[in-house]
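> turn this into a model:
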Amino acid sequence: MFTLDDLRQTRIYQDAQQECLEIGLQRGKKVEAEQLILRLLRKRFKNLTNSQVEYISALDLEQLENLGEAFLDFSDPTNLDEWLDSQI
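Residues are numbered from 1 along each chain as shown. Model (predicted):
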């Protein structure tokens with residue numbers, strides 16, 4: 001009889017478990033980056049529009065990292081809008 005422990009020993013199970021772990025880690029990194037960027041933007045510009053927040057939430061991890069660097073050069077919310085428009 002094939003048990004759960006037997007299943008856990010299979011290569012397919014271990015590969016699937018590793019893939020799920022990697023996906024979870026990537027999602028966690030994205031969420032953390034998104035939250036940090038939004039906090040920084042809100043601190044500098046006070047309010048963000050719903051549209052800005054939606055655009056930022058749709059960015060992937062690499063784009064969020066790029067936004068984090070670009071943010072240092074922003075002087076007003078218009079710079080954020082221009083940067084977001086360039087990503088579409």
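
> how far does whichever strand or helix holds Glu19 sit from the chain's center?
Glu19 belongs to helix 11-45 when elements are defined using DSSP states H and E. Taking Cα atoms, centre = their mean, to the nearest Å, one finds helix 11-45 lying 6 Å from the centre of the chain it belongs to.

> buried residues, it. List them.
Lys30, Ala33, Glu34, Ile37, Leu38, Leu41, Phe45 (16 or more other Cβ atoms under 10 Å). C-beta here means a position set from N, CA and C on the backbone, and glycine is covered the same way.

> pLDDT weak spots in this structure?
6-7, 13 (pLDDT under 70).

> how close does the residue positioned nearest the centre of it sit to Ile23?
Most central in the chain under Cα atoms, centre = their mean is Lys30, positioned 2.1 Å from the mean C-alpha point. According to Cβ to Cβ, to the nearest Å, Lys30 stands 11 Å off from Ile23.

> could you do Gln87 as well?
23 Å.

> ditto for Ala58
Ala58 is 18 Å from Ile23, by Cβ to Cβ.

> ok, Thr49 next?
31 Å.

> Gln52 too?
As judged by Cβ to Cβ, Gln52 and Ile23 stand 27 Å apart.

> one more: Val31?
From Val31 over to Ile23 the distance is 13 Å, taken as Cβ to Cβ.

> Phe2 in helix, strand or coil?
Using DSSP: H, G, I helix; E, B strand; the rest coil, the structure places Phe2 in coil.

> burial measure for it, as a count.
7 (other Cβ atoms under 10 Å).

> what sits in contact with each of Lys30 and Ile23?
Common contact partners of Lys30 and Ile23 (Cβ atoms under 8 Å, 6 or more residues apart in numbering): none.
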